[in-house]
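this one's structure only:
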């Protein structure tokens, strides 16, 4: 938890509300929803190379990236595979949404990064109590998820074609 | 119009994707639902066609296929009994992104997106519930797709 707290930076409530309102992911959100989101929000920043979250740790939050870049990685022993990258305007982190609330991958800032930290555990409760907020947030998140899922599938099918192509060449020689 | 057919209500309530859904929400969903079946090899939808709803697969397996530039379609993912199929009806441009084909005979419930969108504004609890459930499935599939990408990539990159 110490690592979690290290990247949080202080901000006044009006600053926080302005930052939340300005983030592209939340464009057009109602003032009522904005206030609820600001209740769950904090400012955060990361230096290049700093870990944002680690696979297997409790996923109680997500981030709206304002500036910088974060890489999603998977590591086994010495091997690190970069799975994806997120940048300004993107949302980072889904595992807070459903049990077991554990990060599936590692995330590491690859540039100095500022982000809005959103406390998912509280937001989930707010969404249950106010379905209009729940609907709005999950609708927006679903769209991002769907696009990332489609992108991952396209990459996967391209990778499979390459593999199939290589296998074809190998067997031909 | 009659009320929803009790049979479709029963089938919806029995589907794992809707587990724990309130009877009132099942009733609303039943108004948008139609039973359907696919033979082995039958196309469910094609990439580029308008996406106007989604399916709850009850039995059988659907394969999602992508055609990159040329050549033969490649299987990208499968959707099995108990799972939902199809997200593209939710977001612009409302076109299917991949082909979906039954690999064995399937039974499914087709939910009309147009009718769901009408209920959506009347009942935000239902919309929240549906989007929350769909989000969970999407994230699990995203994690699985990324997992496959990693296992395909693993030997290529190493920390030095």
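The structure has been received and is ready for your questions. Predicted model only: the values in this text are computed from it and were never measured.

Once you drop chain neighbours, what's closest to residue A:149?
residue B:142 (4.6 Å; Cβ to Cβ, 6 or more residues apart in numbering or on different chains). Where you see a C-beta, it was placed from the backbone N, CA and C, and this is true even at glycine.

Assign the one you found to helix, strand or coil.
helix (DSSP: H, G, I helix; E, B strand; the rest coil).

May I see the buried residues of the lowest-mean-pLDDT helix or strand in chain B?
With mean pLDDT, DSSP states H and E as the measure, the helix or strand of chain B carrying the lowest mean pLDDT is helix B:113-122 (a mean of 75). Buried positions in helix B:113-122, judged by neighbour count with 16 or more other Cβ atoms under 10 Å in any protein chain shown: B:113, B:115-116, B:119-120.

Near chain A, which residues of chain B? Just list them.
Contact residues, chain B versus chain A (Cβ under 8 Å from any Cβ of the partner chain): B:64, B:66, B:68, B:71, B:74, B:76-77, B:87-88, B:90-91, B:97-98, B:120, B:124-125, B:127-129, B:131-132, B:134-136, B:138-139, B:141-143, B:145-146, B:148-150, B:152-154, B:157-159.

Let's see that with 7 Å instead.
In this structure, chain B approaches chain A at residues B:66, B:68, B:74, B:76-77, B:87, B:90-91, B:97, B:124-125, B:127-128, B:131-132, B:134-136, B:138-139, B:141-143, B:145-146, B:148-150, B:152-154, B:157-159, judged by Cβ under 7 Å from any Cβ of the partner chain.

In helices only, show me those.
Applying DSSP state H to the residues of chain B next to chain A, the entries found in helices are B:124-125, B:127-128, B:131-132, B:134-136, B:138-139, B:141-143, B:145-146, B:148-150, B:152-153.

Now restrict the residues you listed to buried residues only.
B:124, B:127-128, B:131-132, B:134-136, B:138-139, B:141-143, B:145-146, B:148-150, B:152-153.

now the least confident helix or strand of chain B, how far from the centre of its chain.
How far helix B:113-122 lies from its chain's middle: 17 Å, per Cα atoms, centre = their mean, to the nearest Å.

and the angle from that helix to helix B:124-153?
120 degrees (axes from the mean of the first three to the mean of the last three Cα atoms, to 10 degrees).

who's in contact with stretch B:100-109?
Applying Cβ atoms under 7 Å, 6 or more residues apart in numbering or on different chains, the contact partners of stretch B:100-109 are B:8, B:11-12, B:15, B:33, B:35-45, B:55-65, B:85.

Could you point out which residue ranges in chain B have low pLDDT?
Counting by pLDDT under 70, chain B contains low-confidence ranges at B:1-3, B:68-71, B:120-122, B:153-160.

switch the cut-off to 90
For chain B, the stretches with pLDDT under 90 are B:1-5, B:66-76, B:90-92, B:113-125, B:127, B:146-160.

Please apply the same query to chain A.
Judged by pLDDT under 90, the stretches of chain A that qualify are A:1-12, A:75-81, A:150-151, A:153-173.

who in it is up against chain B?
A:74, A:78-81, A:83, A:94, A:97-98, A:104, A:127, A:131-132, A:134-135, A:138-139, A:141-143, A:145-146, A:148-150, A:152-161, A:163.

Pull out the buried members of those.
A:74, A:80-81, A:83, A:94, A:97-98, A:104, A:127, A:131-132, A:134-135, A:138-139, A:141-143, A:145-146, A:148-150, A:152-157, A:160-161.

who's the residue nearest to the spatial centre of chain B bridged to?
When chain B is reduced to its mean C-alpha position, the nearest residue by Cα atoms, centre = their mean turns out to be residue B:85, at 1.5 Å. The partner list for residue B:85 in beta bridges (DSSP bridges) reads residue B:55.

Distance of it relative to residue B:128?
Look at residue B:85 and residue B:128: by Cβ to Cβ, to the nearest Å, they are 21 Å apart.

circling back: please narrow the contacts of stretch B:100-109 to those residing in strands.
Among those, the members falling in strands (DSSP state E) are B:33, B:35-38, B:43-45, B:55-59, B:61-65, B:85.

can you pull the contacts of residue B:50?
B:94-95.

Quick check: phi and psi on the most centrally placed residue in chain A?
In chain A, the residue lying closest to the centroid (Cα atoms, centre = their mean) is residue A:92, at 0.8 Å. Main-chain dihedrals, residue A:92, degrees, to the nearest 10: phi -120, psi 120.
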